[in-house]
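Visitor: Next input, structure requested:
(one chain, ligands or ions: 2)
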Amino acid sequence: MVWVGSERMATKAKKKTKIEIEKNEDPQEDTMLMMALDDDAPEVKIDDLPGVGPATAEKLREAGFDDLLSLAVMSPADLAEQAEIGESVAGKIIAAAKKMANIGGFVSGGALLERRKEVQKLSAKVQSIDDLLGGGFETQALVEVYGAFGSGKTQIGHQLAVNCTLPVSEGGFDGDVFYIDTEDTFRPERITQMARGQGLDPDQVLARIHVARAYNSAHQMLLVDEIKRVGKGLNVKMIIVDSLTSHFRAEFIGRGMLANRQQKLNKHLKELKQLADINNALVLVTNQVHSKPDAMWGDPTKPVGGHVLAHASTFRLYLRKAKGGRRIARLVDSPNLPDGECVYQVTEEGLKD
Ligand SMILES: Nc1ncnc2c1ncn2[C@@H]1O[C@H](COP(=O)(O)OP(=O)(O)OP(=O)(O)O)[C@@H](O)[C@H]1O
Ligand SMILES: [Mg+2]
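Guide: Ligands and ions are numbered 1, 2, ... in the order given. Here you go, the predicted model:
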């Protein structure tokens, strides 16, 4: 694993492809939302859970689980594997975490609105993009940026990584960025250019962008756990996965592997969304479009990942090149914003109107 940028000292801290085998029942995600809403409950520590002694508590913490929320949203098999405990013990811990966090029942629209008030918006520092997104890229959301090669997906990832370090008063999150690079296209030099474009000190920006190269899909998934661990004491406000799908696409070939691939991708996305919710952070993933239509991958203008990804993304942006070096971003299937397009440019200093 390659971490670029110094480890900062802790200061604070639908168009769905028709593939029948994909299932999107997602009770865990609903559970997570309910829990996140339960702000008034007294804080119970993981040590307070019945059956969790000091040794187990330590194992859980080492694996990155330090509150009830992070435990309650797990499946027994996953928790057992990640924390290296027995599956039946894991099942009991999860059940207890759910109970003690007092989840269940419906919440009012008003309570949901309260939760939504915590949402922050990251400015692209490009007016047309911010306007398209109703003010910027939201926290507690998973944004998928897709498009053909060279359409500018990685440029958006770099620009938002830089902007994330800006003060809140300037449209940033004053936060740390975790960048999972699967294609070896992260360039600190490009960050330097864009940081200068925003009048920032490039070294300070680079120090807050933590980059890991993912060598395969399993490694990519493990790196999400690593963020839970390494992110402690940091202000984790953005997680970028560039590209989300390339390893999955390369490794799971053929129709027989499809169910398996979608299952893994679904799990990966859930873990990313969990990080977004727990940290009130933004998750940005990039995705390719189908390059050659065939039985397996379908329409060449559609993003890879099918139903699973369409369902998991809160916002989807489709990028394409236009004449004169311009770029067009189209907002697709937003839950609360009209579909629309905006035009911008990629320059040496970064994205510009
Ligand atoms: N320093 C720069 N100044 C101006 N434009 C740049 C600069 N660096 C990159 N670009 C533009 O960005 C384009 C590359 O975009 P980017 O790498 O984001 O594409 P992508 O969508 O991530 O592609 P892929 O699918 O191959 O990963 C280049 O073709 C160029 O037009
Ligand atoms: Mg790229």
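Visitor: quick one: low-confidence ranges for the stretch 101-250 of the chain?
Guide: Residues of the stretch 101-250 of the chain that meet the criterion pLDDT under 70 lie in 101-107.
Visitor: So Met221 belongs to a helix, correct?
Guide: Yes: under DSSP: H, G, I helix; E, B strand; the rest coil, Met221 sits within a helix.
Visitor: tell me the contacts of it?
Guide: Met221 makes contacts with Lys264, Lys267, His268, Glu271, as judged by CB atoms under 8 Å, 6 or more residues apart in numbering. C-beta here means a position set from N, CA and C on the backbone, and glycine is covered the same way.
Visitor: In PyMOL, select just the buried ones from the residues you listed.
Guide: Restricted to buried positions by 16 or more other CB atoms under 10 Å, the PyMOL selection for these reads:
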select buried, resi 264+268+271
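Visitor: ok, so of the contacts of Met221, who is nearest ligand 1?
Guide: His268 (18.7 Å; CB to the nearest ligand atom).
Visitor: ok, back up a step: and the contacts of Met221 near ligand 1, which?
Guide: Among the contacts of Met221, not one lies near ligand 1 by CB under 6 Å from any ligand atom.
Visitor: I'd like the contacts of Met221 written out as a markdown table, with secondary structure and pLDDT added.
Guide: Output for the contacts of Met221, formatted as a markdown table (DSSP: H, G, I helix; E, B strand; the rest coil; pLDDT from 0 to 100):
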| residue | secondary structure | pLDDT |
| --- | --- | --- |
| Lys264 | helix | 89 |
| Lys267 | helix | 89 |
| His268 | helix | 95 |
| Glu271 | helix | 92 |
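Visitor: Let me have the contacts of Met221 in a markdown table, adding distance to Pro54 as columns.
Guide: Compiled in a markdown table, the contacts of Met221 are given as follows (distance: CB to CB, whole Å):
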| residue | distance to Pro54 |
| --- | --- |
| Lys264 | 34 |
| Lys267 | 30 |
| His268 | 32 |
| Glu271 | 27 |
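Visitor: And the contacts of Met221, which is closest to Asn235?
Guide: Of all the contacts of Met221, Asn235 sits closest to Glu271, with 19.7 Å by CB to CB.
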